[in-house]
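Asker: pasting the sequence and the predicted coordinates here, then a few questions.
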Amino acid sequence: MAGQTRCIAIVGPFQSGKTALLEAILHRTGAIDRPGRAASGNRVGDTSAEAKAHGMSVEPAVASVEFLGDSFTFVDCPGSVEFAHDVRAVLPVCDAAVVVCEADERKRPALELCLRDLEAAGIPRLLFINKADAAPGSLRDALALLQPASRVPLLLRQIPLWQGETAVGFIDLALERAFIYREQAPSEVVDLPEGEWPREKAERFTMLERLADHDDALMEDLISEIEPARDRVFADLSRELREGQVVSVLFGAAEHGNGVTRLLKALRHEAPGLIETRARLGVAEMGPALAQVIKTLHSGFGGKLSVARVLRGSLREGDAVTGSGGQGGRIAGLTALTGAAGARVAEARDGEVAGLAKLDAVATAETLQAGGEVPPALVALPRPEPVHAVALRIRDRKDDVRLAGALAKVLEEDPALALEQHADLGEMRLTGQGEMHLRVAVERLASRFGIGVDTDRAKVGYRETIRGTAAARARHKKQTGGHGQFADVAITVRPTPRGAGFLFEDEVVGGAVPRQYIGSVEAGARACMARGPLGFPVVDVAVTLTDGAAHAVDSSDAAFQAATRLALEEALPKAGPVLLEPILAVALAVPSTATAKATGLVTARRGQILGFDARPGWPGWDQVEALIPEAEMSGLIVELRSITAGVGSYTARFDHRAELTGRPADAVLAAQPVRKAG
């Protein structure tokens, strides 16, 4: 159907060539004069300072092109699992996805993660096997290698024409035509080589058999050896792609522009459009203009830009919109985006993607509707659990005031980040999905907002308790002229069961401590629990008031709190203080080939393996259950992804506290200043 406006996601494993494919598409459609290169730092999809510095995509990049009368907006998505949350915000509004991959067994788990996200969102998808020009061998073998990553059958659409060990062209099985590649130019149609006919017929029949699984009439034709009409074959290809019954497989070499025109034609003729996307999202055809925010961008000076796809109607500068979060605003301007570059436009029409300026109260993944009525949210985007954390320390104190505002903008751009304030540890902590994820966030603070911060390893929330029972008596007495201060307190301390917390007991008899001061003793005891003899908060301790004395004139609340503190500072060191460390219950998800290495990571970190089993619903994956000290979690995600080609993950929750002794305890105590007596 000509004249459509489609939105296509380009997704796939890390370093599979997604941005190179976008460059080739932009060049083939005349949007740019020449394809950019990662080494040159001039690629449309990698225009941020962070992307250039690391040679990888770190956020979605939008670019629109015209091809044979149709409009396409491509969204080049990061391949690293650390930026997957950004991708999940984009996918729901896309009409289809091109999954860029390689016939590499090591990258198959990453391909599976990508395909699972597409399956969950119900996005039709084509597979583009990249770098296939220099990978001699059977493409059928490549399909067998990749099929376990997809729960939907892969359908081979092309076979290569080889010259020695280089693919110089391909045969299109649906068209039954041969094409020879031309560097950064459309392929040239040639006569099908005589010796290739048997291979072409066999592969075409295999393709038709797969299509016939969902077309009884086609199956009857094949059984009757009737050649199906070409239009009917393309109709089946389109229908089964849109209905998620097959994943068509094309191949090429993005760096050379090979296979790009055939991919664009497949998208033009077979991919669904906005009508199908609206139906999938439950958007009615008629009603006020509606859009979905897929990304939020902030610049140091240009303000906020909400990148959104218009799903119904059109939006113009000055239009009032309301978000599904209940807040709204007036669009201050509209921008058509190509990478980081933008051009002001008067209107964003049905199906188009544009940046909407100055909608300060609207967040990523919100649905926008023209007018004052709050629309229902079309997409639920829960924040992923963090797997890595760093403590932040500002370099220049004069930037302290600006830091809060800059951090808020960085977090608004990337909802997978979170900021935590740990007053008990005296640190501000940034959490996210991995080392690179947090590094990029810190770099954005510097590049976009001019604020430099240093990162440290996050502190561990150690506690201390006691093993035995001890008693002490203390008197607080002071004369200052006029009313003095007097309080006498006798207390006993003993341990309570792990996790019981603080317990205060009053066993005073005969009114030795007047009733009005019992609460003062408890308050003094609670305050003293904030820092014990080892230098950490004290937990799981019972404090019992056994005796005391008061003065009719000089006793006071402050005096009894002071006396209690003195008594506890004497009793706690005598009761066998011991360090407690937090232990986390951790569930690691890894490909089965990496399970042994994953268990080795756990044991090397003083962890305890509780067991492992097949990951439910994920053939070829395992889930390892373990208990790991929080102190040993730093860098775990880095090592886990190192042994799993970037796909390993885990979830963690606090389980309990356990005593820490020996050298690990000595190291912790050596780094902790102990409170001086007195």
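Answerer: Right, received. Where do you want to start? In this text the structure is predicted, and so the values were computed from the model without any measurement.
Asker: can you tell me the element the residue positioned nearest the centre of the chain falls in?
Answerer: Nearest to the mean C-alpha position of the chain, by Cα atoms, centre = their mean, lies residue 85 at 3.8 Å. Assigned by DSSP states H and E, residue 85 belongs to helix 84-90.
Asker: show me what the following helix or strand past that helix packs onto, helices and strands only.
Answerer: On the C-terminal side of helix 84-90, the nearest following helix or strand under DSSP H and E is strand 96-101. Secondary-structure packing of strand 96-101 (3 or more Cβ pairs under 8 Å, 6 or more residues apart in numbering; DSSP states H and E): strand 5-11, helix 18-28, helix 108-121, strand 125-129, helix 260-270. For the C-beta atoms, the positions are set from N, CA and C on the backbone; glycine is no exception.
Asker: TSV for the ones you listed, including mean pLDDT and distance to residue 56?
Answerer: Shown next, in TSV, are those (pLDDT from 0 to 100; distance: least, Cβ to Cβ, whole Å):
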stretch	mean pLDDT	distance to residue 56
strand 5-11	96	14
helix 18-28	94	8
helix 108-121	95	14
strand 125-129	97	19
helix 260-270	95	22
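Asker: which one of these lies nearest to residue 169?
Answerer: Residue 169 lies closest, by Cβ to Cβ, to one member of those: helix 260-270, at 10.7 Å.
Asker: quick one: list the elements packing against the closest one.
Answerer: Packing partners of helix 260-270 (3+ Cβ pairs under 8 Å, 6+ apart): helix 18-28, strand 70-76, strand 96-101, strand 125-129, strand 185-190, helix 230-242, strand 247-251.
Asker: now that helix against strand 125-129, angle please.
Answerer: Helix 260-270 runs at 170 degrees relative to strand 125-129, counting by axes from the mean of the first three to the mean of the last three Cα atoms, to 10 degrees.
Asker: how distant is helix 260-270 from the center of its chain?
Answerer: Relative to its chain's centre, helix 260-270 lies at 31 Å (Cα atoms, centre = their mean, to the nearest Å).
Asker: just want the angle from that helix to strand 70-76.
Answerer: Using the same axes, to 10 degrees: helix 260-270 against strand 70-76 is 110 degrees.
Asker: what about residue 633, how many residues nearby?
Answerer: 21 (other Cβ atoms under 10 Å).
Asker: residues in contact with it?
Answerer: 584, 586, 605, 652 (Cβ atoms under 8 Å, 6 or more residues apart in numbering).
Asker: for it, grab phi and psi.
Answerer: phi -80, psi -20 (degrees, to the nearest 10).
Asker: that one and residue 584: what is the separation?
Answerer: Distance, residue 633 to residue 584, by Cβ to Cβ, to the nearest Å: 7 Å.
Asker: need the residues touching each of the two.
Answerer: residue 652.
Asker: average pLDDT for the helix ranked longest in the chain, rounded please.
Answerer: Ordering each helix of the chain by length in residues (DSSP state H) puts helix 557-574 first. Helix 557-574 shows a mean pLDDT of 96 in the predicted model.
Asker: got a pLDDT number for the residue lying closest to residue 299 once chain neighbours are set aside?
Answerer: Nearest residue to residue 299 in three dimensions, chain neighbours excluded: residue 448, at 6.3 Å (Cβ to Cβ, 6 or more residues apart in numbering). pLDDT for residue 448: 88.
Asker: now do residue 297
Answerer: Predicted confidence (pLDDT) for residue 297: 92.
Asker: can you check residue 506 too?
Answerer: Reported pLDDT for residue 506: 94.
Asker: could you point out which element follows the lengthiest strand in the chain?
Answerer: Ranked by number of residues, the top strand in the chain under DSSP state E is strand 577-591. Using DSSP H and E, the helix or strand that follows strand 577-591 in sequence is helix 595-604.
Asker: hang on, residue 654 packs against residue 584?
Answerer: Yes. Under the criterion of Cβ atoms under 8 Å, residue 654 makes contact with residue 584 at 6.1 Å.
Asker: who has more neighbours, those two?
Answerer: When neighbours are counted by other Cβ under 10 Å, residue 584 comes out ahead of the other of residue 654 and residue 584, with 19 against 11.
Asker: in contact with that one, which residues?
Answerer: 627-630, 633, 652-655.
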